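>>> Task: produce atomic coordinates for the following.
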Amino acid sequence: MNKQLICYLFLLSIVVSACKTTRPLALQRDIQAAGYIDQGKQLMRAEQYTEAARLFEQASQRPFHQQSTLAIYLAGLASYYAGDLDVATQRFQTIIQEFPRSRYVPDARYHDALINLQFNTRTKRANGLNELLLLARTAQNPRLAEDALNQARQYLFFDARDAWVEDLYQSVTDEDKAIVLEALCYRKINNGAAAEAESFYREFVENGGASTSWLDSLFAASQPVVNRIETNIIKIALFLPLHLDDYRTRYASELPGHTKPWLEFYEGFALAVQRYQQQSNKKIFLKVYDTRRDTAAVRAMLPDLDRLYPDIVVGSVYSAPAQI
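Okay, here's the model as predicted:
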């Protein structure tokens, strides 16, 4: 009886030891899925996003493999660039919710936030902005943190409505209040309400907020400049002699002959910008200045041009305005 007990305990110890040392089997590499992903990446580089998304989807639908989460994320990314935002959102949410430890979660959160900023509902836009601000503070990848901050600043300073930014300032968390305040004061000053902007800043500091060097320089300088160098955004300043405020017209057909060619140029330019934006991974901000062939008018536009900090300046060439 004792021998049987000893033998049983010996076998049990072997089983327990084996259980402790056995490691879970590693996921196998799926050669066919890898081929789909490589082909999809090539199509992405060629800006053929719809076809790329189809190949990434095929790779993601294979039995679970080493690159499954990569395929799901790339399917969302390709769909995002193809303009299919519903599918993109579904793929990004799959990564975020079903694979929370995946290395692609931060990037999925980033692009999902950009999609939310494009919704018409205040809640969606607020969620998108809050996510970008959170990534800017916590992302381990410095590039991603910088991109998230730049996108948040772009939205706060230029894209969102003034009233929305002011409402947001009243409800935003203390961690993000300073950056929203910067955007709010910048907008107030541009709208001719410098005193109101100073009041917001003074109240912020009196309530325990830390002063920021950017806001200090904003109020101290006569022509404050926002540093707007960003990898994913192209800002274009278009100068044309439209003379639009010279006429009281309701229809384009009523405009004088010397204005119509420049209006047609603008329409073609705007269409080209729209098409390029749809086919690329860049967001384009286009601002039009009516020069009226007047050097004084162009000089008056220079402070605003400094604040915009455009990547590209396009304009008609006339000797006097061009020299400015």
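
>>> Next up, identify which helix or strand Ala88 is on.
Ala88 belongs to helix 85-98 when assigned by DSSP states H and E.

>>> tell me the average confidence for that helix?
Averaging pLDDT along helix 85-98 yields 96.

>>> Keeping just the C-alphas, turn it into PDB.
Extracted in PDB, the C-alpha atoms of helix 85-98 (Å, rounded to 0.1, in the frame of the first residue of the first chain):
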ATOM      1  CA  LEU A  85     -14.900  56.200 -41.800                       C
ATOM      2  CA  ASP A  86     -17.600  53.700 -40.500                       C
ATOM      3  CA  VAL A  87     -15.400  50.700 -41.400                       C
ATOM      4  CA  ALA A  88     -12.300  52.500 -40.000                       C
ATOM      5  CA  THR A  89     -14.000  53.100 -36.700                       C
ATOM      6  CA  GLN A  90     -15.100  49.500 -36.400                       C
ATOM      7  CA  ARG A  91     -11.600  48.200 -37.000                       C
ATOM      8  CA  PHE A  92     -10.000  50.700 -34.600                       C
ATOM      9  CA  GLN A  93     -12.600  49.800 -31.900                       C
ATOM     10  CA  THR A  94     -11.900  46.100 -32.400                       C
ATOM     11  CA  ILE A  95      -8.200  46.700 -31.600                       C
ATOM     12  CA  ILE A  96      -9.000  49.000 -28.600                       C
ATOM     13  CA  GLN A  97     -11.700  46.800 -27.100                       C
ATOM     14  CA  GLU A  98     -10.700  43.200 -28.000                       C
END
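
>>> Let me see the contact set for Tyr73.
By Cβ atoms under 8 Å, 6 or more residues apart in numbering, Tyr73 lies in contact with Arg91, Phe92, Ile95, Ser102, Tyr104, Asp107, Ala108. (Each C-beta comes from the backbone N, C-alpha and C, glycine too.)

>>> so how many other residues sit close to the closest residue to Gln151 other than its chain neighbours?
Closest residue to Gln151 apart from its sequence neighbours, by Cβ to Cβ, 6 or more residues apart in numbering: Leu132 at 5.4 Å. Using other Cβ atoms under 10 Å, Leu132 is surrounded by 26 other residues.

>>> what's in contact with the helix or strand hosting Gln170?
Per DSSP H and E, Gln170 falls inside helix 162-171. Contact partners of helix 162-171, identified using Cβ under 8 Å, 6+ apart, comprise 122, 125-126, 129, 156, 160, 177, 180-181, 183-184, 187, 191, 200.

>>> same thing with stretch 46-61?
With contacts defined as Cβ under 8 Å, 6+ apart, stretch 46-61 is touched by 30, 33-34, 36-37, 39-41, 43-44, 67-68, 71-72, 74-75, 78-79, 81-82, 84, 87, 279-280.

>>> surely Ser211 meets Ser217?
No - counting by Cβ atoms under 8 Å, no contact exists between Ser211 and Ser217, whose distance comes to 11.0 Å.

>>> Next, the buried residues of the helix holding Ala88.
By neighbour count on 16 or more other Cβ atoms under 10 Å, the buried set for helix 85-98 is Leu85, Val87, Ala88, Thr89, Arg91, Phe92, Thr94, Ile95, Ile96.

>>> by contact count, what packs against it?
If you count contacts as 3 or more Cβ pairs under 8 Å, 6 or more residues apart in numbering; DSSP states H and E, helix 85-98 packs onto helix 68-82, helix 105-116.

>>> tell me the angle the first one makes with helix 85-98.
Relative orientation of helix 68-82 with respect to helix 85-98: 150 degrees, computed using axes from the mean of the first three to the mean of the last three Cα atoms, to 10 degrees.

>>> Likewise for the last one?
Orientation note: helix 105-116 sits at an angle of 140 degrees relative to helix 85-98 (the same axes, to 10 degrees).

>>> what's in contact with helix 105-116?
With Cβ under 8 Å, 6+ apart, helix 105-116 has contacts from 73, 76-77, 80, 85, 88-89, 91-93, 95-96, 99, 124-125, 127-129, 131-132, 135, 139-141, 144, 147-148, 151.

>>> who's in contact with the nearest residue to Leu156 once chain neighbours are set aside?
Excluding its sequence neighbours, the residue lying closest to Leu156 (Cβ to Cβ, 6+ apart) is Ala183, at 3.7 Å. By Cβ under 8 Å, 6+ apart, the residues touching Ala183 are Arg153, Leu156, Phe157, Val165.
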